[in-house]
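1. Provide a 3D model corresponding to the input given below.
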Amino acid sequence: MSASELPPLPARRGTPAPSTPAPRRLATQAYKLALLPVLLAQGRRVRDNALRLPEAAGERRGVAGRGRVALRVLIVGDSSAAGVGVGTQDEAFAGQLAQSLAERTGAAVGWQLVATSGHTAADAARALAGAKLETADLLVTALGVNDVLDQTRPAQFLAALDEIHALAVTRAQVTHAWHCGLPPLGTFELLPRPLRWILGRDASHLDRSLVRHLEGQATRLHLPLPDAPRMPGKEDATPEGWMARDGFHPGLLGYRQWGRQVAEAIG
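-> Numbers count the residues shown, from 1 in each chain. Model prediction:
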């Protein structure tokens, strides 16, 4: 598949994502204020006790597959895009995505990664503006968790994603963009309640805002993250390797499935 063969992205299937009703948003804000001391204490405890894993080792650009490079992908993101949770970039999202695309297209796929742990969408836009970029056909973003943690307003988050897209188009000649959705923070057992509930609601709200923002844009699409498989008889357990040791980032199986799912969506 070459850049010239990429069609406009299909219209979104199904019904548009519902917006969060104003009364519900107000109730959530009131709940946050009432629980602020508890939330701050839980947040500090999670941060202090969290297992800090390094970004995946290896080059931040490469080629997967054999033969002529027919497709090039630019990946921009945070710690999940940087591969925290696995050892090398080949095992991480960028490498898994490029390899899956190469297998599906039967041609070589070039990739470049601009990602840093802790980056919000605005941080990623600044990093992209200062990076030396190769020409690319596709942009894939993996951002939003740190915006939830920093309580970034949806309008600011979406403006930063628009800036990333504009930079990718003007500086790397990208023609299509795929924006990965946010993970379901409300299911992360690492997070205590009520912090888990609040962050889960905030992540869902930001993800719905992204879906609505991209509706009607012919060359940009929202991609939900893959659902975590469940162990038989253990509804709260995932297979070994799906999550990293820190309980927050994907493991090898999680990155592999994520890369495959994005490659399938790209086609």
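
2. Give me the three-state assignment for residue 167.
-> Taken by DSSP: H, G, I helix; E, B strand; the rest coil, the conformation at residue 167 corresponds to helix.

3. An error on my part: the question was meant for residue 199.
-> Taking three-state DSSP, the label given to residue 199 is helix.

4. who touches it in this structure?
-> The contact partners of residue 199, by Cβ atoms under 8 Å, 6 or more residues apart in numbering, come to 148-149, 185-186, 188, 191. Bear in mind the C-beta positions are built from the backbone N, C-alpha and C, glycine included.

5. now, the most widely separated pair of those?
-> When Cβ to Cβ is used, the two most widely separated members of these are 149 and 186, lying 13.9 Å apart.

6. Bridge partners for the spatially most central residue of the chain, pull those for me.
-> Among the residues of the chain, the one closest to the centroid is residue 142, at 2.4 Å (Cα atoms, centre = their mean). Each beta-bridge partner of residue 142 is listed here, defined by DSSP bridges: residue 77.

7. who are the neighbours in contact with it?
-> By Cβ under 8 Å, 6+ apart, residue 142 lies in contact with 75-78, 80-81, 93, 115, 180.

8. now those residues as TSV including neighbour count, distance to residue 258 and pLDDT?
-> Supplementary listing: the contacts of residue 142 in TSV, determined by neighbours: other Cβ atoms under 10 Å; distance: Cβ to Cβ, whole Å; pLDDT from 0 to 100:
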residue	neighbour count	distance to residue 258	pLDDT
75	27	11	98
76	29	15	99
77	27	11	98
78	24	14	98
80	26	8	98
81	27	10	98
93	29	6	98
115	27	14	98
180	25	8	98
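
9. Let me know the closest of the residues you listed to residue 241.
-> Of all the contacts of residue 142, the one sitting nearest residue 241 is residue 93; the distance, using Cβ to Cβ, is 14.6 Å.

10. Distance check, residue 51 against residue 129.
-> For residue 51, the distance to residue 129 under the criterion Cβ to Cβ, to the nearest Å works out to 32 Å.

11. just the helices in this protein please.
-> Listed in chain order, the helices of the chain (DSSP state H) span residues 22-34, 36-49, 79-82, 93-105, 121-130, 145-149, 154-172, 195-214, 252-266.

12. Tell me which of those sits most buried.
-> Among those, judged by mean count of other Cβ atoms under 10 Å, the one packed with the most neighbours on average is helix 79-82 (a mean of 26).

13. Now do it: distance to the chain's middle.
-> In terms of Cα atoms, centre = their mean, to the nearest Å, the gap separating the centre of helix 79-82 from the centre of its chain is 8 Å.

14. Identify the bridge partners of residue 62.
-> Judged by DSSP bridges, the bridge partners of residue 62 are residue 111.

15. hang on, isn't it packed against residue 98?
-> Yes. At 7.2 Å, residue 62 counts as touching residue 98 under the criterion of Cβ atoms under 8 Å.
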